[in-house]
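Trainee: Could you look at this predicted model? Sequence included:
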Amino acid sequence: MPVFRSVVLGALLLGNSAFAALPATLYKSPSCGCCEAYVSYLRQNGFAVSAVNRDDMPRIKQQLGVSPGMGSCHTVKIGAYVIEGHVPVAAIRQLLARKPALVGIAVPGMPAESPGMGVERPGTLAVYQMTADQRTGVLFGRF
Ligand SMILES: [Cu+2]
């Protein structure tokens, strides 16, 4: 199985940046600096991000089903899920691996210790669930 082994080895060597680059569409207002920082963060972590500038972010969030009170600056679509705000990739990976029946996950507002905002403190940032019935304050986990 030399071919198989070399493919596996290649995947290990290249890491997740070259392998399984997940497409992500990120909506943001044109003037949002921390949104750009978050785009870079996602790209560094292996997501193939296309950034879309919009002047009607409230409408985008409503269309995508972002729960009221869960909003942040940018909104990302990855597969069927909506990722709202400065969500750590560990939370996104857990969401994609477990595939729960959620609209998506959110870090409301713009917390200082979140990716694209400042220095993270792993295990401390509250990430919330977004559900079809728009419940708020239901924790997805701390990352
Ligand atoms: Cu932001």
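Mentor: Nice, I can see it.
Trainee: Look up how far the ion lies from residue 76.
Mentor: According to C-beta to the ion, to the nearest Å, residue 76 stands 12 Å off from the ion. Quick note: C-beta positions are derived from backbone N, CA and C, even for glycine.
Trainee: Test of understanding: give the bridge partners of the residue lying closest to that residue once chain neighbours are set aside.
Mentor: The shortest distance from residue 76 to any non-neighbouring residue, by C-beta to C-beta, 6 or more residues apart in numbering, is to residue 83 (4.1 Å). As for beta bridges, residue 83 partners with residue 76, residue 105 under DSSP bridges.
Trainee: Tell me the residues of the chain that contact the ion?
Mentor: 34, 73, 110 (C-beta under 5 Å from the ion).
Trainee: Now do the helices for this protein: every range, in order, please.
Mentor: 2-18, 33-44, 57-64, 89-98 (DSSP state H).
Trainee: Mind telling me which of these the model trusts least?
Mentor: Note on the helices of the chain: lowest mean pLDDT is at helix 2-18, with a mean of 48.
Trainee: Would you enumerate the residues in contact with the residue nearest the centre of the chain?
Mentor: Centroid-nearest residue in the chain, with C-alpha atoms, centre = their mean: residue 83, separated by 4.5 Å. The neighbours of residue 83, taking C-beta atoms under 8 Å, 6 or more residues apart in numbering as the test, are 24, 75, 76, 77, 92, 95, 104, 105, 106.
Trainee: and it, what pLDDT?
Mentor: 98.
Trainee: one step back: which one of the contacts of residue 83 sits closest to residue 63?
Mentor: Residue 63 lies nearest to residue 75 out of the contacts of residue 83, by C-beta to C-beta, at 9.5 Å.
Trainee: What residues does that closest one make contact with?
Mentor: Per C-beta under 8 Å, 6+ apart, neighbours of residue 75: 26, 27, 28, 57, 60, 61, 64, 66, 82, 83, 84.
Trainee: for those, which one is nearest the ion?
Mentor: residue 28 (8.4 Å; C-beta to the ion).
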